[in-house]
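Participant: compute the structure for the input listed below.
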Amino acid sequence: MRNCPPLIIQNTTIHPTEHHHFLSLLVDQELSWKFHTGHAIAKGNEYVLQLRRLSRLVNGILVKQMCQLYLTVAVPKFTYRVNLWFRLVYSNNLSMEQRGSKGIAKRLATVQQITALSITGAMRMTATDVLNNHTNLLPVLLLLQKICH
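Facilitator: Model (predicted):
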């Protein structure tokens, strides 16, 4: 956090903070969205772990219903205003190096992998691509690109 002096308006002192909660977004001084992305990923984990309880193999809900719950409840919760805080991952034609919010996409991919594992009941070492195909979920990069556009 930058060292900023407090703002004084008509004998009321307003002290600076690291971040501010504004319209369900956590905005920091540098607009780096670091606080908000951490909050969004934590919220995604929280919702996915709650959905995991519903998808038990013995008394759980159906796979189709679980996928529908994930796409209609959890995804909108952790991708709220994603077009502000997520930069799409791309690569130049000249270099194969990817640019954009790669770290955030990787952390959100683990959230989706937990969901796909709980839906299918597969082992943890199952490839994410296979899980996405079996659950009919888009890969995270394509999902975020679809939401952003």
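
Participant: can you tell me what sits against the longest helix along the chain?
Facilitator: For the chain, the helix reaching the highest residue count under DSSP state H is reported as helix 34-54. Counting by C-beta atoms under 8 Å, 6 or more residues apart in numbering, helix 34-54 makes contact with 18-19, 25-28, 60-61, 66, 69-70, 73-74, 77-80, 85-86, 101, 104, 107-108, 111, 114-115, 118, all of which sit outside it. C-beta coordinates here come from the backbone N, C-alpha and C atoms, glycine included.

Participant: what of stretch 114-128?
Facilitator: Contacting residues not belonging to stretch 114-128 are listed as 45, 48-49, 51-52, 55, 57, 63, 66-67, 70, 74, 109, 112-113, 131-132, 134-135, 137, 139 [C-beta under 8 Å, 6+ apart].

Participant: restricted to helices, list those.
Facilitator: Of the positions in the contacts of stretch 114-128, 45, 48-49, 51-52, 63, 66-67, 109, 112-113, 131-132, 134-135 sit in helices, assigned by DSSP H.

Participant: by neighbours, which of those residues wins?
Facilitator: residue 112 (24 neighbours; other C-beta atoms under 10 Å).

Participant: show the contacting residues for that residue.
Facilitator: Remark: with contacts taken as C-beta under 8 Å, 6+ apart, residue 112 is in contact with 128, 132, 137, 140, 143.

Participant: state the pLDDT value of it.
Facilitator: The predicted local distance difference test score for residue 112 is 94.

Participant: now residue 128
Facilitator: pLDDT at residue 128 comes out at 91.

Participant: what's the answer for residue 25, then?
Facilitator: Looking at residue 25, its pLDDT stands at 83.

Participant: residue 82 is in contact with that one, correct?
Facilitator: No - the pair residue 25 and residue 82 does not pass the contact test of C-beta atoms under 8 Å, sitting 10.9 Å apart.
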